[in-house]
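Asker: Got a predicted structure plus its sequence, pasted below:
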Amino acid sequence: DAKTTQPPSMDCAEGRAANLPCNHSTISGNEYVYWYRQIHSQGPQYIIHGLKNNETNEMASLIITEDRKSSTLILPHATLRDTAVYYCIVSRETSGSRLTFGEGTQLTVNP
Amino acid sequence: KAGVTQTPRYLIKTRGQQVTLSCSPISGHRSVSWYQQTPGQGLQFLFEYFSETQRNKGNFPGRFSGRQFSNSRSEMNVSTLELGDSALYLCASSSGTGRLNSPLHFGNGTRLTVT
């Protein structure tokens, strides 16, 4: 699976959009981009995934560049409960069960 | 729908002992995966079971084993515990059908402390 690079930490004001970047320059054509987050003392929570098209669900939007070498997770209106570690993962596993988690980005939403 | 349930929530064991952790997946999910999370190594994949068969295995010693029952519930066992086995053990379930719209759903883990 391709390696990902994320900033170790980011801050965001409550109510503003949080844009979390991820670099995956070695991604191959059959690899998907997954985003999970982990709130302190809880298990990771699935957010969204995509292959090449932009994706949106009730939690977030995923923007993947045309060359697929990077992506951005957007939380449109961040709340204090969005404070968590966000993991960007690239995987070709069709079931998505064997995921390689990096260190992620610690997002802190400030009041 | 109930989420992934892991028991017990906390466990304290002594070096050399063995431990069994339990996981009940989301109803209808047939795949169960186990992960270990430590401050130094982060989240690492242990193994995955699907329909009572181990389908994937991570790079952990043979002291770590698991099984899955016909009702998809899973257990993992660690024998001859070492101090370094202290970690948060996470279980995740998915439909496991191989379709990409079957993401992992994690439980809140079992915190194992080895003294």
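Answerer: Right, received. Where do you want to start?

Asker: Every contact and neighbour count from this point should use C-alpha atoms.
Answerer: Will do.

Asker: need the strands for the chain, in chain order.
Answerer: I went with chain A, as the question did not name one. A:9-13, A:18-23, A:32-38, A:45-50, A:55-56, A:61-64, A:70-75, A:84-91, A:105-110 (DSSP state E).

Asker: hmm, I had chain B in mind actually
Answerer: B:5-7, B:10-13, B:19-24, B:31-38, B:42-50, B:53-57, B:64-68, B:74-78, B:87-94, B:105-106, B:110-114.

Asker: Most tightly packed of the ones you listed?
Answerer: strand B:87-94 (a mean of 27; mean count of other C-alpha atoms under 10 Å in any protein chain shown).

Asker: got a list of what A:Asp11 touches?
Answerer: For A:Asp11, the contact set (C-alpha atoms under 8 Å, 6 or more residues apart in numbering or on different chains) comprises A:Leu107, A:Thr108, A:Val109, A:Asn110.

Asker: for chain B, which spans come out with low pLDDT?
Answerer: B:1, B:96-101 (pLDDT under 70).

Asker: what residues are up against B:Ser33?
Answerer: A:Ser97, A:Arg98, B:Phe45, B:Leu46, B:Phe47, B:Glu48, B:Tyr49, B:Cys91, B:Ala92, B:Ser93.

Asker: Now with 7 Å, please.
Answerer: A:Ser97, B:Phe47, B:Glu48, B:Tyr49, B:Cys91, B:Ala92, B:Ser93 (C-alpha atoms under 7 Å, 6 or more residues apart in numbering or on different chains).

Asker: One more: B:Leu83?
Answerer: B:Arg15, B:Val114, B:Thr115 are the contacts of B:Leu83 under C-alpha under 7 Å, 6+ apart.

Asker: I figured the last one hits B:Lys13, correct?
Answerer: Yes - under the criterion of C-alpha atoms under 7 Å, B:Thr115 lies in contact with B:Lys13, with a separation of 6.3 Å.

Asker: For the residue nearest the centre of chain B, name its beta-bridge partners.
Answerer: Nearest to the geometric centre of chain B sits B:Trp34, at 3.0 Å (C-alpha atoms, centre = their mean). Counting by DSSP bridges, B:Trp34 forms beta bridges with B:Phe47, B:Cys91.

Asker: Any regions of chain A where pLDDT drops low?
Answerer: For chain A (pLDDT under 70), the answer is A:93-96.

Asker: and the nearest residue to B:Ser74 once chain neighbours are set aside, what is it in contact with?
Answerer: Distances taken as C-alpha to C-alpha, 6 or more residues apart in numbering or on different chains put B:Gln68 closest to B:Ser74, at 4.3 Å, once the chain neighbours are dropped. Counting by C-alpha under 7 Å, 6+ apart, B:Gln68 touches B:Tyr49, B:Glu52, B:Ser74, B:Glu75.

Asker: re earlier: out of the strands of chain A, which is the most enclosed?
Answerer: It is strand A:84-91: most buried of these by mean count of other C-alpha under 10 Å, with a mean of 25.
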